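S.K.: Sequence first, predicted coordinates after that:
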Amino acid sequence: MTVARPSPAPDYPARSLQAGVGVTRLTLTAFRSYSRLRLDLDQRPVVLTGANGAGKTNLLEALSFLAPGRGLRSARLATVGQTAFGPALVDQSAKPDLRVPQPWAVAATLATNQGPVELASGLDPAKPEKRLVRIDGMPAKGAAALGRQLGVIWLTPAMDRLFLDSPAGRRRFLDRLVMTFDPDHAGRAAAYDRATRQRARLLRDRASDPIWYDALEDTMARYGVAMAAARRDLVNRLNTELARAAGSFPVASLALIGVVDRWLTEMPAVDVEDALRAALRDERRLTPGDVAAAGPHRSDLAATMVAPGHPSHGQAAALCSTGEQKALLISILLATARLQKAKRNHAPLLLLDEVAAHLDAERRAALFAEIRDLGAQAWMTGTDAALFDGFGGDAQFFTVDNARLTLCPSS
């Protein structure tokens with residue numbers, strides 16, 4: 001399939017992309033619909049177009065495994081690879097396939113200002129819920145090592161309901177953004193979650209060993225307050241960055257809502273740790289269904305539209321239109337990318353699934369202009385290549401058909 005692309009729109013002319021970090025080679029093995037793939041690129045943005053089910057989102061998910069966490073679908077690691085009988089199901093709610101999966105792998109050559117870096121991530125055959133990670137061919141301790149090399153931020157259609165769904169989804173969204181600045185945030189969150197689950201079991205079983213409780217609650221206090229402080233720091237920086245933003249995307253004012261978040265505004269972190277330990281001790285007397293009311297796992301991220309003179313000014317994001325909510329999400333991601341560029345001297349990898357479909361022409365052009373200004377390698381998917389015409393020669397265009405990629409002429 002050949003895609004004809006006109007010159008960039010005159011309102012947002014093509015500019016020289018700034019040198020940044022980008023994937024120049026991507027290799028997949030037994031990943032979703034890709035038995036094997038090798039893709040060679042340059043550092044420009046990448047546009048993937050094709051029919052639904054062609055394998056576009058699977059490519060973005062593979063790239064998301066170059067970061068800490070469970071990828072953009074939050075998939076169980078053992079379900080991502082192929083079996084001897086075919087690709088793994090994307091639908092994680094489907095009945096588990098008990099056949100042994102092939103060890104999947106994602107490898108990438110990353111171009112940086114200091115030279116190329118080889119990143120690799122894949123399933124540990126001996127431990128199906130553990131990832132193996134390599135940096136320049138050498139084993140690394142955990143996926144946090146990937147985050148020290150590359151920041152990865154994504155937006156998927158499932159996130160369009162972020163402001164309407166449960167607080168848990170908003171916490172995961174914020175934690176992923178924090179991880180782009182602090183890869184060890186994932187480890188602290190995992191340690192906090194383990195201690196919280198273990199303590200919940202003790203309470204369900206009516207265990208009475210105070211030493212065990214004290215140890216778990218100390219872990220929860222130390223890691224939990226560190227998590228909350230990292231979230232608060234990023235929210236404060238995002239609010240400053242968003243307030244400076246001007247253009248086609250609306251501005252969001254963000255706030256953290258929770259007991260620990262309030263305490264952090266009132267006292268030093270070390271005192272918040274003591275307060276959380278005391279609250280957890282008091283909760284031991286409650287029924288199992290009421291435990292752990294205090295802690296970062298109870299926090300929520302609130303967003304308010306800031307648009308003076310606009311009918312939605314001062315309105316909670318959940319009450320805004322679907323289009324406004326999508327635009328707010330994009331503005332938050334772009335602000336995060338700008339902050340990361342300021343910190344690391346390069347923008348993160350942006351994975352934008354079906355991002356252009358629900359944006360009007362002005363906002364599409366504004367998004368493409370922002371990506372150019374950031375010098376970011378954005379990977380974007382869509383069914384209609386014409387929606388990305390504004391990139392002109394500033395992007396690489398591929399068609400995807402049944403997990404096969406074809407570079408479009410003039411890319």
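M.R.: Looks like it came in fine. Numbers count the residues shown, from 1 in each chain.
S.K.: neighbours around Asp136, how many?
M.R.: Neighbourhood size, Asp136 [other Cβ atoms under 10 Å]: 11. For every residue, glycine as well, the C-beta is placed using N, CA and C.
S.K.: isn't it right up against Val117?
M.R.: Yes: assessed by Cβ atoms under 8 Å, Asp136 is found in contact with Val117 at 6.3 Å.
S.K.: Beyond the worst-scoring helix or strand of the chain on mean pLDDT, next helix or strand please.
M.R.: Ranked by mean pLDDT, DSSP states H and E, the weakest helix or strand in the chain is strand 127-135, scoring a mean of 86. Next in sequence after strand 127-135, counting helices and strands by DSSP states H and E, comes strand 138-139.
S.K.: pLDDT value on Tyr12, please?
M.R.: Model confidence at Tyr12, given as pLDDT, is 28.
S.K.: what do you get for Thr381?
M.R.: 97.
S.K.: Around Met220, how many other residues sit close by?
M.R.: 27.
S.K.: for Ala275, same thing?
M.R.: By the measure other Cβ under 10 Å, the count of residues near Ala275 is 18.
S.K.: residue contacts, it?
M.R.: Ala275 makes contact with Trp263, Met267, according to Cβ atoms under 8 Å, 6 or more residues apart in numbering.
S.K.: Report whether it is found in a helix, as I expect.
M.R.: Yes: under DSSP: H, G, I helix; E, B strand; the rest coil, Ala275 sits within a helix.
S.K.: From Met267, how far out is it?
M.R.: Separation of Ala275 from Met267 (Cβ to Cβ, to the nearest Å): 7 Å.
S.K.: Please apply the same query to Leu146.
M.R.: Distance of Leu146 to Met267, given as Cβ to Cβ: 35 Å.
S.K.: neighbour-wise, which of those two wins?
M.R.: Each of Leu146 and Met267 has its neighbours counted (other Cβ under 10 Å); Leu146 has more, 26 against 12.
S.K.: which ones are touching that one?
M.R.: Counting by Cβ under 8 Å, 6+ apart, Leu146 touches Leu66, Ala67, Pro68, Leu119, Ser121, Val133, Ile135, Ala140, Pro183.
S.K.: before we move on, what about Thr27?
M.R.: Applying Cβ under 8 Å, 6+ apart, we find Thr27 in contact with Leu37, Arg38, Leu39, Ala105, Val106, Ala107, Ala108.
S.K.: Sort out for me which of these are in strands.
M.R.: Leu37, Arg38, Leu39, Ala105, Val106, Ala107, Ala108 (DSSP state E).
S.K.: Give me the contact list for stretch 215-228.
M.R.: The contact list for stretch 215-228, computed with Cβ under 8 Å, 6+ apart, reads 175, 185, 188-189, 191-192, 195-196, 198-199, 202, 256, 258, 260-261, 264, 269, 272-274, 276-277, 280-281, 295-297, 299.
S.K.: Looks to me like Arg372 is in a helix.
M.R.: Yes: with three-state DSSP as the criterion, Arg372 is part of a helix.
S.K.: which one of the contacts of Leu146 is nearest Phe398?
M.R.: Distance to Phe398, by Cβ to Cβ, is smallest for Leu66 among the contacts of Leu146, at 18.5 Å.
S.K.: before we move on, the earlier item: which of the ones in strands among the contacts of Thr27 count as buried?
M.R.: The neighbour count (16 or more other Cβ atoms under 10 Å) marks Leu37, Leu39, Ala105, Val106, Ala107, Ala108 as buried among the ones in strands among the contacts of Thr27.
S.K.: Just the buried ones from the contacts of stretch 215-228, in ChimeraX syntax?
M.R.: To isolate the buried ones among the contacts of stretch 215-228 in ChimeraX, judged by 16+ other Cβ under 10 Å, type:
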select :175,185,188,189,191,192,195,196,198,199,202,256,258,260,261,264,272,273,276,277,280,295,296,297,299
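S.K.: where does the stretch 1-150 of the chain dip in pLDDT?
M.R.: Scanning the stretch 1-150 of the chain for pLDDT under 70 picks out 1-19, 83-102.
S.K.: Which stretches in it count as strands?
M.R.: Taking DSSP state E, counting those that start in this stretch as the test, the strands found in the stretch 1-150 of the chain are 22-31, 34-40, 46-49, 105-111, 117-124, 127-135, 138-139.
S.K.: nearest to Ala303, of those strands?
M.R.: strand 46-49 (28.7 Å).
S.K.: Quick check: beta-bridge partners of the residue found closest to Asp384 once you drop the neighbours it is linked to in the chain?
M.R.: Nearest residue to Asp384 in three dimensions, chain neighbours excluded: Thr49, at 7.0 Å (Cβ to Cβ, 6 or more residues apart in numbering). Beta bridges link Thr49 to Gly382, Thr399, judged by DSSP bridges.
S.K.: which residues sit in contact with Gly314?
M.R.: Contact analysis of Gly314 by Cβ under 8 Å, 6+ apart lists Thr304, Met305, Val306.
S.K.: Neighbour-wise, give me the winner out of those.
M.R.: Among those, Met305 has the most neighbours (other Cβ under 10 Å), with 22 neighbours.
S.K.: What lies in contact with the strand or helix carrying that residue?
M.R.: Per DSSP H and E, Met305 falls inside strand 300-306. Residues outside strand 300-306 that contact it (Cβ under 8 Å, 6+ apart) are 163, 167, 170-171, 173-174, 235, 242-243, 250-258, 312-317, 320, 324, 328, 332.
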